[in-house]
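A.B. asks: can't give you the sequence, but here's the structure:
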């Protein structure tokens with residue numbers, strides 16, 4: 001009887017995805033389009049934070065948003081109605097993440113060229129961090145109610161993120177959340193990650209995030 005062949009499917013899937021992601025990134029670079037991948041758990045306040053941020057910079061950049069969810073178009077409708085920018089909904093068919101090919105389908109569905117395309121990934125702390133979407137950079141949002149220990153429990157999410165927003169700081173008095181510990185834990189996973197405390201609801205700290213985005217897009221186009 002011949003030896004059983006072992007096929008490393010996981011390695012193959014990631015390797016092929018990485019190649020497609022790099023190709024998409026190069027194509028977007030040629031068009032001058034900055035793709036930002038936003039990750040977090042469900043309920044972290046991604047959409048509210050993005051709406052507040054987009055309204056601060058939409059007169060300076062042409063922006064589009066791609067909302068990824070297993071189902072529903074609620075978030076895309078919210079972004080479109082509250083900011084006026086183009087927003088499309090991506091249904092993942094039950095998958096808990098987007099990969100490069102799925103992201104490309106979304107980008108190609110947008111009408112026109114954009115300076116900044118924001119991908120709001122599926123709310124999940126594991127799967128989205130494993131797949132390169134073709135974005136220039138990824139960021140993660142950690143909300144105060146989730147607890148300051150999330151970077152310890154979900155290390156990859158923070159290792160692949162260039163920026164961590166600590167959201168919902170307006171409710172800090174009501175939760176056992178240590179800001180210094182959260183920053184320390186993030187630094188353990190990624191010492192190069194920038195950390196910004198913000199409130200998507202009240203707008204506190206959002207100006208600094210908006211400026212970070214403006215600087216990122218400008219640098220990408222140079």
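C.D. replies: Right, received. Where do you want to start? Note that the structure is predicted; figures quoted are calculated from it, not measured.

A.B. asks: tell me which stretches of this structure form helices.
C.D. replies: 9-31, 46-57, 74-83, 100-109, 127-130, 150-153, 155-159, 179-189, 206-221 (DSSP state H).

A.B. asks: closest to residue 64 out of those helices?
C.D. replies: Within the helices of the chain, the stretch nearest residue 64 is helix 100-109; the backing value is 8.7 Å (CB to CB). For every residue, glycine as well, the C-beta is placed using N, CA and C.

A.B. asks: buried residues in the closest one, which are they?
C.D. replies: 100, 102, 103, 104, 106, 107 (16 or more other CB atoms under 10 Å).

A.B. asks: can you check stretch 93-102 too?
C.D. replies: 96, 97, 98, 99, 100, 102.

A.B. asks: mind picking the two most distant members of these?
C.D. replies: Largest pairwise distance in the buried residues of stretch 93-102, by CB to CB, is 15.9 Å, between 96 and 100.

A.B. asks: ok, and the closest non-adjacent residue to residue 183?
C.D. replies: Nearest non-adjacent residue to residue 183, counting by CB to CB, 6 or more residues apart in numbering: residue 195, 5.2 Å away.

A.B. asks: run a quick neighbour tally on the one you found.
C.D. replies: Close neighbours of residue 195, defined as other CB atoms under 10 Å, add up to 16.

A.B. asks: for the closest residue to residue 199 other than its chain neighbours, give me its contacts.
C.D. replies: Of all residues not flanking residue 199 in the chain, residue 170 sits nearest, at 4.3 Å (CB to CB, 6+ apart). Going by CB atoms under 8 Å, 6 or more residues apart in numbering, residue 170 touches 199, 201, 202, 204.

A.B. asks: out of everything not next to it in sequence, what's closest to the third one?
C.D. replies: It stands for residue 202. Per CB to CB, 6+ apart, closest to residue 202 is residue 170, 4.9 Å.

A.B. asks: ok, that neighbour to residue 192 distance?
C.D. replies: Using CB to CB, to the nearest Å, one gets 28 Å for the distance from residue 170 to residue 192.

A.B. asks: OK, contacts around the nearest residue to residue 29 once chain neighbours are set aside?
C.D. replies: Nearest non-adjacent residue to residue 29, counting by CB to CB, 6+ apart: residue 220, 7.2 Å away. Counting by CB under 8 Å, 6+ apart, residue 220 touches 29, 32, 34, 136.

A.B. asks: and residue 135, by the same measure?
C.D. replies: Counting by CB under 8 Å, 6+ apart, residue 135 has contacts 25, 35, 36, 37, 103, 119.

A.B. asks: check contacts around the residue nearest in space to the middle of the chain.
C.D. replies: For the chain, the residue nearest the mean C-alpha position is residue 38 (0.9 Å; CA atoms, centre = their mean). For residue 38, the contact set (CB under 8 Å, 6+ apart) comprises 46, 50, 118, 119, 120, 121, 138, 139, 140, 141.

A.B. asks: give me the subset of those that lies in strands.
C.D. replies: Among those, the members falling in strands (DSSP state E) are 118, 119, 120, 138, 139, 140, 141.

A.B. asks: ok, and the most crowded of these?
C.D. replies: Going by other CB under 10 Å, residue 140 tops these with 31 neighbours.

A.B. asks: so which of the helices of the chain is nearest residue 92?
C.D. replies: Of those, nearest to residue 92 by CB to CB is helix 100-109, at 7.0 Å.

A.B. asks: angle of the closest one against helix 9-31?
C.D. replies: Counting by axes from the mean of the first three to the mean of the last three CA atoms, to 10 degrees, helix 100-109 lies at 30 degrees to helix 9-31.
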